[in-house]
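# Build me a model from this:
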Amino acid sequence: MLEAGTIVSGYRVDGVLGDGGMGAVYRATQLSLGRAVALKLLAPNLSDDPGFRARFEREGHVQAALDNDHIVTVYEAGQSDYGLFLAMRLIAGPTLKQLILDASLDPRRSVRLLTQVAHALDTAHGAGLIHRDVKPQNILIGKSDHAYLADFGLIKAPDEARLTGTGQFIGTIDYVAPEQIQAEPATPASDIYALAGVLYECLTGEVPFPKPSDAATLHAHVMQPPPKVSERRPDLPQALDGVIAQGMAKDPWSRPSLAAELIQAASRALSSSPSGIALAAPGRDGAAQRERPVQVTKTVASASATPSSSSRSTPSVVAPAAEAVAGEAREPSAQWPRRLIAVIAALILTAFAAGFALGLIVH
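From the prediction side, this is the model:
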């Protein structure tokens with residue numbers, strides 16, 4: 001790791017933003033312009049590896065060539081005494097993963113953010129490029145919830161030779177598509193699968209297949225059906241289950257053809273939710289946060305007056321609470337006349353039955 005104050009090809013290192021196996025990202029200042037940047041440096045021990053070097057060098061060219069407001073801008077790519085570097089726009093904000101962990105994402109905000117990411121992906125796909133590592137950690141959130149897709153270091157053109165060893169796949173196992181695990185070529189559909197996995201995590205607070213080992217996770221991606229949002233979030237529309245099922249279909253041809261189509265389907269599913277029920281963010285444990293009973297009661301009461309498909313999808317667990325509150329709201333003065341009438345009617349029926357039985361005995 002470089003210390004603060006280190007000069008790298010005209011950039012002064014000011015602090016560490018993050019690090020990983022391929023290198024580190026620093027907050028830095030471009031001395032010639034006094035501009036704050038994110039400076040990405042390839043790990044020195046990897047600079048001599050032709051595969052890593054080619055992938056890293058290409059990342060700068062790819063991001064610079066893609067014209068999209070939701071892809072991080074690259075200012076410069078070059079070689080320094082400390083290895084290869086990329087100088088990029090500094091996004092002052094959290095990653096999507098941090099928002100998920102902080103339980104600060106409600107479903108509609110999630111859809112708004114991922115709509116922007118979907119446009120960035122469709123732009124890359126339109127240029128014949130595949131990201132191959134779509135995950136919450138690679139989605140940066142700037143001012144006014146402006147989302148950016150970052151880390152194009154694993155991007156690949158369909159006709160390009162693989163830059164990894166034989167029998168290996170590239171990506172993050174929590175979101176990797178089945179075809180990549182099975183050593184088949186990655187396609188735009190592979191990115192859409194990963195985006196659907198990210199959508200699921202935003203809605204539920206957990207990754208699609210939380211397993212105790214990497215092997216179990218990979219097996220689940222290949223063999224297990226897509227997870228259901230309703231099993232983790234019964235308060236959300238069940239239509240979201242179908243959205244995730246299509247986006248994470250095992251057959252790449254069964255997935256939406258565009259990333260934007262996937263998120264648009266999620267938006268329509270959320271619109272089917274009763275407008276009076278606020279869609280809360282998942283709790284830190286992935287469980288849904290419930291609304292206050294008085295708010296839910298008003299929604300159920302109005303929905304029951306005019307039955308509809310949306311009212312039928314209201315979680316049944318809310319109904320007892322609604323009935324209890326409604327019962328408490330009834331005034332005693334309105335209940336006593338009904339009870340008195342019921343008692344009188346019961347006495348009349350009893351007297352009639354007794355007289356009928358006495359008549360049978362006499363005869």
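# From the structure, what's the count of residues near the residue nearest to Ser110 when sequence neighbours are not counted?
Closest residue in space to Ser110, ignoring its immediate chain neighbours: Cys202 at 3.7 Å, by CB to CB, 6 or more residues apart in numbering. To be clear about C-beta, it is placed using only N, CA and C from the backbone, and glycine gets the same treatment. Neighbourhood size, Cys202 [other CB atoms under 10 Å]: 25.
# I figured Asp191 hits Arg132, correct?
Yes: using CB atoms under 8 Å, Asp191 makes contact with Arg132 at a distance of 7.1 Å.
# Those two: which is more packed in?
Looking at Asp191 and Arg132 with other CB under 10 Å, you find the greater number of neighbours at Asp191, namely 28 against 21.
# wait, what's in contact with that one?
Neighbouring residues of Asp191 by CB atoms under 8 Å, 6 or more residues apart in numbering: Leu121, Ala124, His125, Ile130, His131, Arg132, Val134, Ala259.
# Within the helices and strands, which one has it?
Assigned by DSSP states H and E, Asp191 belongs to helix 188-204.
# can you give me the strands in the stretch 51-200 of the chain?
74-80, 83-89, 139-141, 147-149 (DSSP state E, counting those that start in this stretch).
# what's the weakest-modelled helix or strand in this protein?
Using mean pLDDT, DSSP states H and E, the weakest-scoring helix or strand in the chain turns out to be helix 293-305, at a mean of 29.
# Might you list the low-confidence residue ranges for this protein?
Across the chain, the ranges flagged by pLDDT under 70 are 21, 153-171, 274-280, 283-363.
# domains in it, as residue ranges please.
Taking automatic domain parsing as the criterion, the chain consists of the domains 7-89, 96-271, 293-353.
# Which among the ones you listed is found nearest to Pro282?
With CB to CB as the criterion, Pro282 lies closest to domain 96-271 of those, at 3.4 Å.
# what's the span of the closest one, first residue to last?
23 Å (CA to CA, to the nearest Å).
# got it, and stretch 222-233?
This stretch, stretch 222-233, spans 24 Å end to end (CA to CA).
# Which residues does it contact?
For stretch 222-233, contacts defined as CB under 8 Å, 6+ apart pick out 178, 181-182, 196, 200, 203-206, 208-209, 236, 238, 240-241, 244-245, 247-250, 282, 286-288.
# re the thing from before, which two in the contacts of Asp191 are spaced the farthest apart?
The farthest-apart pair in those, when distances are taken by CB to CB, is Arg132 and Ala259, at 13.7 Å.
# Ok, which of the strands of the stretch 51-200 of the chain comes nearest Ala216?
Proximity to Ala216 (CB to CB) singles out strand 139-141 among these, at 25.7 Å.
# for the closest one, packing partners?
helix 96-101, helix 107-126, strand 147-149 (3 or more CB pairs under 8 Å, 6 or more residues apart in numbering; DSSP states H and E).
# quick one: Ala259 and Ala124 touch, right?
No: using CB under 8 Å, Ala259 is not in contact with Ala124; the gap is 9.4 Å.
# With neighbour numbers in mind, choose between the two.
Ala259 (30 against 23).
# quick one: contacts for the more buried one?
By CB under 8 Å, 6+ apart, the contact list for Ala259 reads Val117, Ala118, His119, Leu121, Asp122, His125, Pro188, Asp191, Ile192, Leu195.
# Is the third one in contact with Asn68, as I believe?
So that's His119. Yes: counting by CB under 8 Å, Asn68 is a contact partner of His119 at 6.8 Å.
# can you map out the helices along this protein?
With DSSP state H as the criterion, the chain has helices at 50-65, 96-101, 107-126, 178-181, 188-204, 214-223, 229-232, 239-247, 259-271, 293-305, 309-312, 319-329, 332-362.
# For the second one, could you pull out the residues that count as buried?
Pointing back at helix 96-101 there. Neighbour counts over helix 96-101 (16 or more other CB atoms under 10 Å) mark Leu96, Lys97, Leu99, Ile100 as buried.
# List just the nearest of these to Pro44.
Taking CB to CB as the measure, Lys97 is the one of the buried residues of helix 96-101 closest to Pro44, at 27.2 Å.
# got the contact list for the closest residue to Glu201 other than its chain neighbours?
Nearest non-adjacent residue to Glu201, counting by CB to CB, 6+ apart: Val207, 5.4 Å away. Listed by CB under 8 Å, 6+ apart, the contact set of Val207 reads Asp174, Tyr175, Gly197, Tyr200, Glu201.
# tell me the phi and psi of Val207?
Taking degrees, to the nearest 10, you get phi -70, psi 160 for the backbone angles of Val207.
# do the same with Val176
Per degrees, to the nearest 10, the backbone of Val176 is at phi -70, psi 140.
# For Tyr75, state which of the contacts of Asp191 is nearest.
Each of the contacts of Asp191 was checked against Tyr75 using CB to CB; the closest is Ala124, at 19.4 Å.
# Hmm, that closest one is touching Leu66, no?
Yes: if you go by CB under 8 Å, Ala124 and Leu66 touch, sitting 6.0 Å apart.
# related to what we said a few turns ago, using JSON lines, please lay out the contacts of Ala259 together with distance to Met22.
Shown next, in JSON lines, are the contacts of Ala259 (distance: CB to CB, whole Å):
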{"residue": "Val117", "distance to Met22": "22"}
{"residue": "Ala118", "distance to Met22": "26"}
{"residue": "His119", "distance to Met22": "27"}
{"residue": "Leu121", "distance to Met22": "21"}
{"residue": "Asp122", "distance to Met22": "26"}
{"residue": "His125", "distance to Met22": "24"}
{"residue": "Pro188", "distance to Met22": "24"}
{"residue": "Asp191", "distance to Met22": "20"}
{"residue": "Ile192", "distance to Met22": "25"}
{"residue": "Leu195", "distance to Met22": "22"}
